[in-house]
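>>> turn this into a model:
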Amino acid sequence: MTSSAEENYLKAIYKLHETSGAMVTTSELADSLKVSAASVTDFIKKIAAKKLVTYEKSKGVKLTDSGKQIAVNIIRKHRLWEVWLVDKLNFKWDEVHDIAEQLEHVVSNELIDHLDKHLGYPATDPHGDLIPDSKGRFAKTASKPLLDCITGDKVKFIGVADHSNNFLQYLTKNNLHLGDEILIESVETFDSTFTVKVSGKANKVLSKEVVKNLLVTVI
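Numbering: from 1, shown residues only. Predicted coordinates for the structure are as follows:
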């Protein structure tokens with residue numbers, strides 16, 4: 001049995017490693033969890049003793065196979081709860097993260113399996129993030145930032161790199177939604193401002209900060 005604090009550490013390590021591909025430093029983990037580096041070091045030693053991570057003082061920390069299994073299971077729970085909150089309780093996509101953070105620590109995997117079935121085995125959460133199956137397997141997808149596309153490309157908006165409430169609210173305010181088809185009309189060389197047509201409607205001008213956080217697939 002793992003505590004919610006241990007699960008939060010394992011999930012954070014998993015996500016940081018997925019981003020960088022390298023061992024996670026204590027300072028990176030401290031920034032992610034918003035705690036002191038000293039607290040992180042003490043806690044890492046405790047979960048290393050439970051063989052959930054391996055820790056090297058000069059290099060950082062990485063998950064063991066059992067630690068990774070727990071982390072992926074927590075991510076699965078979190079994302080399934082987000083789907084439930086949006087699809088069944090009509091929460092907005094910028095309102096669900098903190099609630100799902102609480103629900104993800106539910107112990108019963110049987111409950112989560114029933115939830116998955118009830119929701120129709122969704123492949124992604126409301127933000128476009130992949131949901132692992134009960135065996136911890138993620139479906140494969142080919143996405144890239146809109147920033148990496150060029151004039152004339154037609155793409156489908158499938159996810160976000162920035163999950164902050166401010167960014168999600170910005171997208172809602174500007175009528176940008178997952179599933180939208182985006183045609184790139186032009187790209188400004190000076191500042192990477194994109195002029196796009198969204199789902200065949202009026203043109204929109206999107207800043208570099210926006211397009212680097214929109215994940216798309218070419219269609």
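
>>> for whatever residue is furthest in space from the centre of the chain, which three-state class applies?
Outermost residue of the chain with respect to the C-alpha centroid, by Cα atoms, centre = their mean, is Phe190; its distance is 30.3 Å. Here Phe190 is coil, with the state taken from DSSP: H, G, I helix; E, B strand; the rest coil.

>>> dump the residue contacts of Asn213.
Contacts for Asn213 (Cβ atoms under 8 Å, 6 or more residues apart in numbering) come out as 145, 160-162, 167. (Each C-beta comes from the backbone N, C-alpha and C, glycine too.)

>>> so of those, which ones are in helices?
Phe167 (DSSP state H).

>>> tell me where this structure has strands.
If DSSP state E is used as the criterion, the strands of the chain fall at 53-56, 60-63, 144-145, 154-160, 181-187, 194-198, 203-206, 214-218.

>>> what is the last one packed up against?
In other words, strand 214-218. Here strand 214-218 touches strand 144-145, strand 154-160, going by 3 or more Cβ pairs under 8 Å, 6 or more residues apart in numbering; DSSP states H and E.

>>> looking at those strands, which is buried most?
Highest mean neighbour count among those (mean count of other Cβ atoms under 10 Å): strand 154-160, with a mean of 19.

>>> that one pairs with which strands?
Note on strand 154-160: by DSSP bridges, its sheet partners are strand 181-187 (antiparallel), strand 214-218 (antiparallel).

>>> orientation of the shortest one relative to strand 194-198 in degrees?
Looking back up the chat, that one is strand 214-218. 70 degrees (axes from the mean of the first three to the mean of the last three Cα atoms, to 10 degrees).

>>> which residues does strand 214-218 contact?
128, 141-146, 149, 153-161, 176, 182, 206.

>>> tell me how far it is from the chain's mean position?
Centre-to-centre, strand 214-218 and its host chain are 15 Å apart (Cα atoms, centre = their mean, to the nearest Å).

>>> ok, now stretch 11-29?
Per Cα atoms, centre = their mean, the centroid offset for stretch 11-29 relative to its chain is 14 Å.

>>> before we move on, what about stretch 195-208?
Between the centre of stretch 195-208 and the centre of its chain there are 24 Å (Cα atoms, centre = their mean).

>>> average pLDDT across it?
Stretch 195-208 shows an average pLDDT of 94 in the prediction.

>>> how about it: buried residues?
By neighbour count on 16 or more other Cβ atoms under 10 Å, the buried set for stretch 195-208 is 196, 198, 204, 206.

>>> which helices and strands sit right next to the top helix by length along the chain?
With secondary structure taken from DSSP H, the chain has its longest helix at helix 65-87. Helix 65-87 is packed against helix 4-20, helix 97-103, helix 109-118, with contacts defined by 3+ Cβ pairs under 8 Å, 6+ apart.

>>> could you rerun that using 10 Å?
In terms of contacts (3 or more Cβ pairs under 10 Å, 6 or more residues apart in numbering; DSSP states H and E), helix 65-87 is packed against helix 4-20, helix 37-49, strand 53-56, strand 60-63, helix 97-103, helix 109-118.

>>> just to revisit the earlier point, max pairwise distance over the buried residues of stretch 195-208: which two?
Longest distance between any two of the buried residues of stretch 195-208 is 9.4 Å, between Val198 and Leu206; criterion Cβ to Cβ.
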